[in-house]
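Engineer: pasting the structure only:
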């Protein structure tokens, strides 16, 4: 398998950034740990310079030698789904489906993870928990 050139890395990173900004539900097809691996290798939502990305890529590859191959496979999986979706959109529209009774519907919930924790949201959640605990203690 050929090594990923830096230009290929940048192109794949650009696709992942576009996917994150425009249709992040594509990421939900991957398990959370797989999403984090993609973010860890490609850094798609950072505004880092190319020079920084070269150094970062070398560093993360040294720390996690299997990460480039894993992230590359995950990228390929997402890109295949994206391309299939584009082709399906170009094809004839499917006829409307029959409405199902609510008892026979299946609902799938998938997560799109953030590459880093949101400190403000965590702080708000902790404050809310502290307020609730204080309210409960005050009622006793």
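Structural biologist: Done, it's in. As the structure is a computational prediction, the values presented were derived from the model and not from experiment.

Engineer: where does the chain have low pLDDT?
Structural biologist: Screening the chain residue by residue with the criterion pLDDT under 70, one finds the ranges 1-2, 100-105, 107, 109, 140.

Engineer: the helices in it, which residues?
Structural biologist: Taking DSSP state H to define them, one finds helices in the chain at 6-22, 32-42, 50-63, 67-90, 119-139.

Engineer: elements contacting the fourth one?
Structural biologist: Counting by 3 or more Cβ pairs under 8 Å, 6 or more residues apart in numbering; DSSP states H and E, the packing neighbours recorded for helix 67-90 are helix 6-22, helix 32-42, helix 50-63. Placement of C-beta: from N, CA and C, glycine included.

Engineer: So what's the residue count around residue 32?
Structural biologist: 13 (other Cβ atoms under 10 Å).

Engineer: Not counting sequence-adjacent ones, nearest residue to it?
Structural biologist: Distance criterion Cβ to Cβ, 6 or more residues apart in numbering; nearest residue to residue 32, sequence neighbours excluded, is residue 113 at 4.7 Å.

Engineer: burial measure for the one you found, as a count.
Structural biologist: Residue 113 is flanked by 16 other residues according to other Cβ under 10 Å.

Engineer: repeat for residue 56
Structural biologist: Under the criterion other Cβ under 10 Å, the count of neighbours that residue 56 has is 15.

Engineer: distance of it from residue 34?
Structural biologist: Shown here: residue 56 relative to residue 34, a distance of 20 Å by Cβ to Cβ, to the nearest Å.

Engineer: How about residue 51?
Structural biologist: When Cβ to Cβ is the yardstick, residue 51 and residue 34 sit 28 Å from each other.

Engineer: Out of the helices of the chain, flag the one nearest residue 99.
Structural biologist: Ranking the helices of the chain by proximity to residue 99 (Cβ to Cβ) places helix 67-90 first, at 21.5 Å.
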